[in-house]
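*Asks:* fold the following for me, if possible:
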Amino acid sequence: MTEPTGGTPPLPPQEPPASAPPPVAAPAPAAPAPAAPAASSWQVPPPSAGATAAGPAPGIAYAGLGIRIVALIIDYILLLIVFTFVAIILGAIFLGSLINGGAVMAIVAGVLLAIANLVISAVYFIWAWTNPELRASLGQRVLGLNTVSAADGATVTRPQAVQRWIYLFGLVALASAMQSALSATSLGALAYLIGLLAFAYEIFLLWTTYQSPKKQGYHDVQAGTVVIKRA
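*Replies:* Numbering: from 1, shown residues only. A predicted model of the protein is given here:
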């Protein structure tokens, strides 16, 4: 059929061909997740929500005040035996001087005995705490306790052991020596006051150990140590 004018009818409009969708870029490979640090024998992984860690590591707990006092009593009994032998030896050496010297020689003998006790106590505890095979005094060893570094559970270093001994035993022993020396003089009232201060300091150490979540007494805090008990 033709138009009235005689021309060829126009073709119907055609839709443009659909263009192909643009290529989708492949997703970039995900970066590997960083590996979690391996837990050491001392520090445990962070606990999950709602959980609380019972101690520094599985199978380890902070030693309570009661068991530490029992360990200390055992150590005192052992040291008392050694101190008795030292006192007998010093008494035999200075027996004649003590009889003829009076109060002055009694003071000298008391000071020497106190110094000997201090040296024996320091050598014993510092050696025991820093010994990698023990890491504990004999009293602690009997009860399964260890004195270790609070930072990483490593063996206590010698400076840490010296500092711990000074704050735990040294100050009280020094006060006791001063009290013994002054009690034989006219300064008996001062000796009594020193004894009270030493007793108050010991109570302070017990209290700070009891109220600490990690059972760190004032001496432990100063030395950076902690006492643990293995299951």
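
*Asks:* CA atoms of the helix or strand that contains residue 206 as PDB?
*Replies:* Here residue 206 sits within helix 188-211, counting by DSSP states H and E. Below are the C-alpha coordinates for helix 188-211, written out as PDB (Å, rounded to 0.1, in the frame of the first residue of the first chain):
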ATOM      1  CA  GLY A 188      63.800   1.700 127.500                       C
ATOM      2  CA  ALA A 189      60.800   3.800 126.600                       C
ATOM      3  CA  LEU A 190      62.200   4.500 123.100                       C
ATOM      4  CA  ALA A 191      62.800   0.700 122.700                       C
ATOM      5  CA  TYR A 192      59.100   0.100 123.600                       C
ATOM      6  CA  LEU A 193      58.000   2.700 121.000                       C
ATOM      7  CA  ILE A 194      60.200   1.100 118.300                       C
ATOM      8  CA  GLY A 195      58.600  -2.300 119.100                       C
ATOM      9  CA  LEU A 196      55.100  -0.800 118.700                       C
ATOM     10  CA  LEU A 197      56.000   0.700 115.300                       C
ATOM     11  CA  ALA A 198      57.500  -2.600 114.100                       C
ATOM     12  CA  PHE A 199      54.300  -4.400 115.200                       C
ATOM     13  CA  ALA A 200      52.100  -1.800 113.400                       C
ATOM     14  CA  TYR A 201      54.200  -2.300 110.200                       C
ATOM     15  CA  GLU A 202      53.700  -6.000 110.300                       C
ATOM     16  CA  ILE A 203      49.900  -5.500 110.600                       C
ATOM     17  CA  PHE A 204      50.100  -3.100 107.700                       C
ATOM     18  CA  LEU A 205      51.800  -5.800 105.600                       C
ATOM     19  CA  LEU A 206      49.100  -8.300 106.500                       C
ATOM     20  CA  TRP A 207      46.300  -5.800 105.700                       C
ATOM     21  CA  THR A 208      47.700  -4.800 102.300                       C
ATOM     22  CA  THR A 209      48.100  -8.500 101.400                       C
ATOM     23  CA  TYR A 210      44.600  -9.300 102.500                       C
ATOM     24  CA  GLN A 211      42.800  -6.600 100.600                       C
END
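
*Asks:* list the buried residues in it.
*Replies:* 191, 194, 195, 198, 205, 208, 209 (16 or more other CB atoms under 10 Å). Glycine gets a C-beta too; all of them are placed from N, C-alpha and C.

*Asks:* elements contacting it?
*Replies:* Contact here means 3 or more CB pairs under 8 Å, 6 or more residues apart in numbering; DSSP states H and E; on that basis helix 188-211 packs against helix 65-93, helix 171-183, helix 218-223.

*Asks:* let me know which of those is tucked in deepest.
*Replies:* Stretch with highest mean neighbour count among those: helix 218-223 (a mean of 20; mean count of other CB atoms under 10 Å).
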